[in-house]
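>>> pasted the sequence and its predicted model underneath.
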Amino acid sequence: MPVKIKIEKKEKHTRARLGKLTTPHGEVETPIFMPVGTQATVKTMTPEEVKETGGRLVLSNTYHLYLRPGHDLVKEAGGLHKFMNWDGPILTDSGGFQVFSLGPLRTITEEGVEFRSHIDGSKHFFTPEKVMEIEQALGADIAMAFDECAPYPCEKEYAVAALERTTRWAERCKRVHKREDQALFGIIQGGVFPDLRERSAKELLAMDFPGYGIGGLSVGEPKELMYEVLDQLMPIMPEDKPRYLMGVGSPDCLIEGVVRGVDMFDCVLPTRIARNGTVFTHNGKLTVRNAEYARDFRPMDQQCDCYACRNYSRAYIRHLIKTDEILGIRLTTIHNLHFIQHLMQNIRQAIREDRLLEYREDFLKVFNAG
Ligand SMILES: CNc1nc2c(CCNCC3CCCCC3)c3nc(N)[nH]c(=O)c3cc2[nH]1
């Protein structure tokens, strides 16, 4: 069993758990936030800088790496760890979400999904078998099954069809997944319908995957609805398997997800908004590129001890961003990754001390007041 979770402690007043996730490339603490490295790099960061901010497990993507540079090239390079010089654990998403997000550029059949590349419009066909070939070639420690993520909102019939196809595709993935040093995770679908979520979970739990993605959320539904789906789904999830809430999220969603028993998160938000000149601070978001910061010589977040906040002012970082100096978005990225990892560290400590609900209240009172 290459990937397993050991629950160290259950928080007294919530479903939150403190755990250790063991993988072929080392052990990481959970709950964990996993920085996204779409094209085999966490944008603008060296692996050392990702580690320095607290990143321990990074994500990459089947869809993007298949199109460029090609999974065969990455395999020839010795696999994703060697290619991107990352010696910690890696998780690859199956591309299910990406090809479904392509909208009219894709056609879904029982066999698989025909889609046109967002780069040059060339035609491609992803089947569960093809995606498993790609993910095994890339060599991540955790590979997600090829699933169908239903949009929000959608008719219940659509969610049923997507759930049933996801189950059949999970079977097909499991049948051809041979790599012993790579864990295949199933992905639970079912839209925002509690009965469908339960059905999808039960069908996939019966296949005994070493861990589970919770898919089909953070697709435009109100946050409260996402929390409700988790409230209904998490009680039927096995305690001894990692739960990975896909594509989540912002600081408030991370805390609410942990409270409900989620162990793993990924989100492009911290790195994406950083490149737009927006950073998280304890008082909420701050768009450092705005004119009001032109003569503001304070750090982005006065309570932050990251490299960017220890050495540079808002005025300087605003100057860099306004003049398209690459150092600007590197500094905002360093800060945002550090901020989120520091939040996860505080959450893990609050679990240890059985005061997660107090932490949630204190953090959100200040963060949301901003
Ligand atoms: C943002 N919201 C959201 N994301 C979802 C994602 C993607 C999660 N992030 C993966 C990274 C994205 C950037 C490149 C590297 C991989 C989902 N993925 C799958 N397979 N299925 C979902 O239902 C699924 C559902 C998701 N909802």
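Structure received.

>>> show me which residues of this structure are close to the ligand?
The interface of the chain toward the ligand, taken as CB under 6 Å from any ligand atom, is made up of 36, 38, 59-61, 93-94, 96-97, 144, 147, 149, 187, 215-219, 246-247, 266, 268. In short, each C-beta sits where N, CA and C put it, glycine included.

>>> contacting residues for the closest residue to residue 119 other than its chain neighbours?
In this structure, residue 119 finds its nearest non-sequential neighbour in residue 67, 5.9 Å apart by CB to CB, 6 or more residues apart in numbering. Contacts for residue 67 were tallied using CB atoms under 8 Å, 6 or more residues apart in numbering; they are 117-119, 124.

>>> which of the residues of the chain next to the ligand count as buried?
36, 38, 59-61, 93-94, 96-97, 144, 147, 149, 187, 215-219, 246-247, 266 (16 or more other CB atoms under 10 Å).

>>> select only the buried ones of the contacts of residue 67 in PyMOL?
To isolate the buried members of the contacts of residue 67 in PyMOL, using 16+ other CB under 10 Å:
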select buried, resi 124
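
>>> okay, and which of the contacts of residue 67 map to strands?
residue 124 (DSSP state E).

>>> least confident pick among the contacts of residue 67?
Among these, residue 118 carries the weakest pLDDT, at 89.

>>> how close does it get to the ligand?
Look at residue 118 and the ligand: by CB to the nearest ligand atom, to the nearest Å, they are 13 Å apart.

>>> which SS class is residue 22?
Recorded secondary structure, residue 22: strand (DSSP: H, G, I helix; E, B strand; the rest coil).

>>> could the contacts of residue 67 be laid out in CSV, adding distance to residue 364?
Compiled in CSV, these are given as follows (distance: CB to CB, whole Å):
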residue, distance to residue 364
117, 41
118, 36
119, 40
124, 43
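
>>> so who does the nearest residue in space to residue 91 that is not next to it in sequence touch?
Closest residue in space to residue 91, ignoring its immediate chain neighbours: residue 142 at 4.1 Å, by CB to CB, 6+ apart. Contact analysis of residue 142 by CB under 8 Å, 6+ apart lists 3, 23, 89-92, 182-183, 185, 211.

>>> next SSE downstream of the strand or helix carrying residue 160?
According to DSSP states H and E, residue 160 maps onto helix 156-176. Proceeding N to C from helix 156-176, the next assigned helix or strand is strand 183-188, under DSSP H and E.

>>> relative to strand 183-188, how tilted is the helix or strand harbouring residue 224?
Using DSSP H and E, residue 224 sits in helix 223-233. In this structure, helix 223-233 runs at an angle of 110 degrees to strand 183-188, with axes from the mean of the first three to the mean of the last three CA atoms, to 10 degrees as the basis.

>>> ok, so of the contacts of residue 67, who is nearest the ligand?
Checking the contacts of residue 67 against the ligand by CB to the nearest ligand atom gives residue 118 as the nearest, at 12.7 Å.

>>> how much space separates the closest one from residue 97?
13 Å (CB to CB, to the nearest Å).

>>> ok, now residue 218?
Shown here: residue 218 relative to residue 97, a distance of 10 Å by CB to CB.

>>> and the spatially closest residue to residue 85 that is not a sequence neighbour, how many neighbours does it have?
Excluding the flanking residues, the one nearest residue 85 by CB to CB, 6+ apart is residue 47, at 5.4 Å. Neighbour count of residue 47, defined by other CB atoms under 10 Å: 17.

>>> again with residue 70
Residue 70 has 13 neighbours, counted by other CB under 10 Å.

>>> need the pLDDT of it.
pLDDT, residue 70: 98.

>>> ramachandran angles for it?
phi 110, psi 140 (degrees, to the nearest 10).

>>> could you do residue 46 as well?
For residue 46, the backbone dihedrals (degrees, to the nearest 10) come out as phi -80, psi 160.

>>> next up, the contacts around it.
Taking CB under 8 Å, 6+ apart as the definition, residue 46 has no contacts.

>>> pLDDT at it, what is it?
98.

>>> tell me the spacing between residue 62 and residue 140.
In terms of CB to CB, residue 62 sits 9 Å off from residue 140.

>>> which residues do those two both contact?
Common contacts of residue 62 and residue 140 (CB under 8 Å, 6+ apart): residue 92.

>>> next secondary structure after the longest helix belonging to the chain?
In the chain, taking DSSP state H as the definition, the longest helix is helix 326-352. Sequence-wise, the next helix or strand downstream of helix 326-352 (DSSP H and E) is helix 356-369.

>>> for that following helix, C-alpha coordinates in CSV please.
Output of helix 356-369 as CSV, limited to C-alpha atoms (Å, rounded to 0.1, in the frame of the first residue of the first chain):
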residue,chain,number,x,y,z
LEU,A,356,-10.6,24.6,16.1
LEU,A,357,-14.0,26.3,16.5
GLU,A,358,-12.5,29.2,18.5
TYR,A,359,-9.7,29.5,15.9
ARG,A,360,-12.3,29.6,13.1
GLU,A,361,-14.2,32.4,14.8
ASP,A,362,-11.1,34.4,15.6
PHE,A,363,-9.6,34.1,12.1
LEU,A,364,-12.8,34.8,10.2
LYS,A,365,-13.8,37.7,12.4
VAL,A,366,-10.6,39.6,11.3
PHE,A,367,-10.2,38.1,7.8
ASN,A,368,-13.8,38.9,6.8
ALA,A,369,-13.7,42.3,8.4
